[in-house]
Structures are given as structure tokens and as C-alpha cells.
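Please work out how this folds:
(one chain, ligands or ions: 2)
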Amino acid sequence: MPNFLTSIFQWISGLFWSKQAEIAVVGLQASGKTSFVNVITSGQWSEDVVPTVAFNFRKIRKGNVTMKVWDVAGQPKFRSMWERYCNGVDAIVFVVDSVDQDKFKTARFELHQLLGQPTLSGVPLLVLGNKNDLNGHVGVKDLIRGLELDKISDRPVSCYSVKSILLSNNVSLTFILLVLDEKPAQSGYRASMVGWQKSLISSFWVHHSYRSEFGGVLGCLDIYSLSLSDMRIV
Ligand SMILES: Nc1nc2c(ncn2[C@@H]2O[C@H](COP(=O)(O)OP(=O)(O)OP(=O)(O)O)[C@@H](O)[C@H]2O)c(=O)[nH]1
Ligand SMILES: [Mg+2]
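Ligands and ions are numbered 1, 2, ... in the order given. As a prediction, this is how the structure comes out:
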């Protein structure tokens with residue numbers, strides 16, 4: 001195709017396929033939120049992270065996807081701010097340190113308290129159990145139980161076990177789009193999930209899928225090894 005036709009084609013397909021999303025990333029301190037956001041925005045893992053004060057805001061564009069990201073601080077004194085940053089977003093990303101099981105109770109409390117805010121009703125939730133490169137981490141099954149994700153019935157919920165140090169920005173964006181594409185059970189929903197699951201399965205080594213076991217949680221996978229170049233933004 002001549003160049004100008006390709007450009008026109010890209011412009012038209014951009015109109016139909018472009019996605020804009022705004023997300024808020026919350027969770028207890030040191031769970032890895034800023035590390036994850038660094039990966040989404042720069043595609044690179046950085047060792048030099050400092051505890052966030054209040055929040056960081058990032059805007060990124062990749063392919064047809066434009067995403068605004070609020071990376072909110074997790075120390076106790078900042079948690080009352082979470083609701084403000086989550087208000088109006090397309091998805092809440094809740095990051096948990098999957099090794100630090102002593103903190104699950106606090107994480108569960110803070111998560112359910114947040115979701116109980118009337119302003120956030122129905123906002124899709126993506127839970128990332130982070131740091132699965134470390135010994136002693138728990139998989140999605142225990143995360144779902146520990147955080148009582150199966151009790152959340154007023155919004156789409158997904159849970160993935162990951163290591164932010166090994167994600168690429170495509171992979172991270174794909175997770176988020178995955179959540180945004182999950183609709184409450186209705187006709188057509190299953191077909192779209194099957195498509196997504198297939199694209200995930202072809203790109204990842206998936207060790208377990210508990211989807212059928214936990215009716216309330218739409219997508220949940222333990223992801224241990226990734227082929228970083230495979231994920232495509234659609
Ligand atoms: N092993 C391992 N360490 C990680 C991973 N993700 C983050 N970390 C480490 O966890 C620590 C905390 O990471 P941050 O990204 O600052 O955590 P945060 O959730 O932003 O913390 P606050 O800003 O205080 O709320 C850092 O030492 C990171 O290097 C991971 O996937 N694996
Ligand atoms: Mg941070």
C-alpha cells in the first residue's frame with residue numbers, strides 16, 4: 001500500500017480502535033506500585049525507587065492507547081487520599097506484595113474500605129499480587145481468599161500474580177485493557193473473555209487458571225514466565 005494510504009488507514013482505524021484510559025494504582029506501601037508504573041511508562045525496571053509522597057501522575061501513549069496513571073502513595077497517612085484519585089477512573093489497580101502475608105489483613109481492610117465508597121461503585125478492579133519472583137509468595141488462589149475478592153460482586157474483578165521486575169510495558173498495558181474489557185455477565189461477554197484469555201495464554205506460560213472455581217473473579221492467572229516481545233496492543 002502506498003504510504004499515504006497506510007497513513008489514512010491508520011488514522012481511520014485509530015478513530016475506531018483508539019483506547020483512552022485513566023487508572024489509579026493503590027495498595028499498601030512497598031507493594032511495588034511505583035515500580036509497576038515505571039514499567040508501564042518507560043518499559044524498564046528501575047532499582048532506584050523511593051517511597052512515594054502523596055502521588056505521581058504520568059501520561060503515556062503507546063500505539064492507539066493513551067493512558068493517564070495516578071500512582072498514589074501507600075503509607076498509612078496517605079491512604080485517606082486513595083478515594084480522591086480513584087474517583088472517575090476507568091479501573092483501580094490494587095497492588096499487593098504477595099510475599100508479605102502478614103499484611104494481607106490490612107490490605108484486605110483497606111481495599112474493601114475503598115471499594116465501599118459510594119463514589120467508586122462499579123469501577124473495575126485489577127489486583128496484582130506482585131513479587132512472585134521471591135520465595136514464599138502466594139498465588140492467585142490464596143490472594144483471592146486472603147483479600148476476599150470473591151465477595152466483591154458490584155464490579156468486574158481480576159487478579160494476576162506477577163513480578164513487576166519482569167513485566168514489559170506492553171504486558172502491563174494489556175493487563176489493564178483486559179480489565180477494562182471485562183463486562184459484567186451479559187451476552188457477548190464470554191466470547192470477548194475467551195479472546196483475551198487466548199491471547200494471554202499464547203503469550204504466557206500459564207500455570208493455573210482458577211476462573212471457573214471463583215465465579216466472582218473474572219480473570220485470574222499465575223504468570224511466572226513471560227515472553228516479553230509477544231504482547232500486542234490491539
Ligand atoms: N523482588 C521484587 N521486588 C520488587 C518487585 N516490585 C517492586 N519491588 C521492590 O519493592 C520495593 C518497593 O517498591 P515501590 O515501587 O517503591 O513500592 P510502592 O508500592 O510504590 O511504595 P509506596 O510508594 O511507599 O506506596 C522496592 O525495593 C522495589 O525494588 C518485584 O516484582 N520483585
Ligand atoms: Mg510508590
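
Could you use CA atoms for every contact and neighbour count after this?
Will do.

Next one: the closest residue to residue 147 other than its chain neighbours from ligand 2, what distance?
Closest residue in space to residue 147, ignoring its immediate chain neighbours: residue 108 at 4.6 Å, by C-alpha to C-alpha, 6 or more residues apart in numbering. In this structure, residue 108 and ligand 2 are 19 Å apart, going by C-alpha to the ion, to the nearest Å.

how deep is residue 108 tucked in, by neighbour count?
19 (other C-alpha atoms under 10 Å).

Residue 138 in helix, strand or coil?
Look at residue 138: counting by DSSP: H, G, I helix; E, B strand; the rest coil, its state is coil.

got the contact list for it?
Going by C-alpha atoms under 8 Å, 6 or more residues apart in numbering, residue 138 touches 98-99, 132.

Next step: the residues you listed restricted to helices.
Using DSSP state H, no member of the contacts of residue 138 falls in helices.

Tell me the one among those nearest to ligand 2.
Ranked by distance to ligand 2 (C-alpha to the ion), these are led by residue 98 at 16.4 Å.

where does that closest one fall, phi/psi-wise?
Phi and psi for residue 98, reported as degrees, to the nearest 10, are phi -80, psi 0.

That one against residue 135, yeah?
No: between residue 98 and residue 135 there is no contact under C-alpha atoms under 8 Å: 9.9 Å.

circling back: assign the residue nearest to residue 147 to helix, strand or coil.
Quick answer, by three-state DSSP: residue 108 is helix.

quick one, which of residue 98 and residue 135 is more surrounded?
residue 98 (27 against 9).

quick one: contacts for that one?
129-132, 137-139, 143, 161 are the contacts of residue 98 under C-alpha under 8 Å, 6+ apart.

farthest pair in those residues?
131 and 143 (12.8 Å; C-alpha to C-alpha).

ok so, going back, show me which of the contacts of residue 98 is closest to residue 151.
For the contacts of residue 98, the nearest to residue 151 is residue 143 (12.6 Å; C-alpha to C-alpha).

SS state for the closest one?
helix.

Against ligand 2, how distant is it?
In terms of C-alpha to the ion, residue 143 sits 21 Å off from ligand 2.

before we move on, the earlier item: my guess is the residue nearest to residue 147 meets residue 151, correct?
No: assessed by C-alpha under 8 Å, residue 108 is found out of contact with residue 151, at 11.3 Å.

Straight-line length of stretch 94-104, end to end?
End-to-end span of stretch 94-104 (C-alpha to C-alpha, to the nearest Å): 12 Å.

next one: stretch 115-125
Rule used - C-alpha to C-alpha; the end-to-end distance of stretch 115-125 is 9 Å.

helix/strand/coil for residue 92?
strand.

ok, it touching residue 128?
No: using C-alpha under 8 Å, residue 92 is not in contact with residue 128, being 10.7 Å away.

and residue 70, what are its bridge partners?
residue 24, residue 57 (DSSP bridges).
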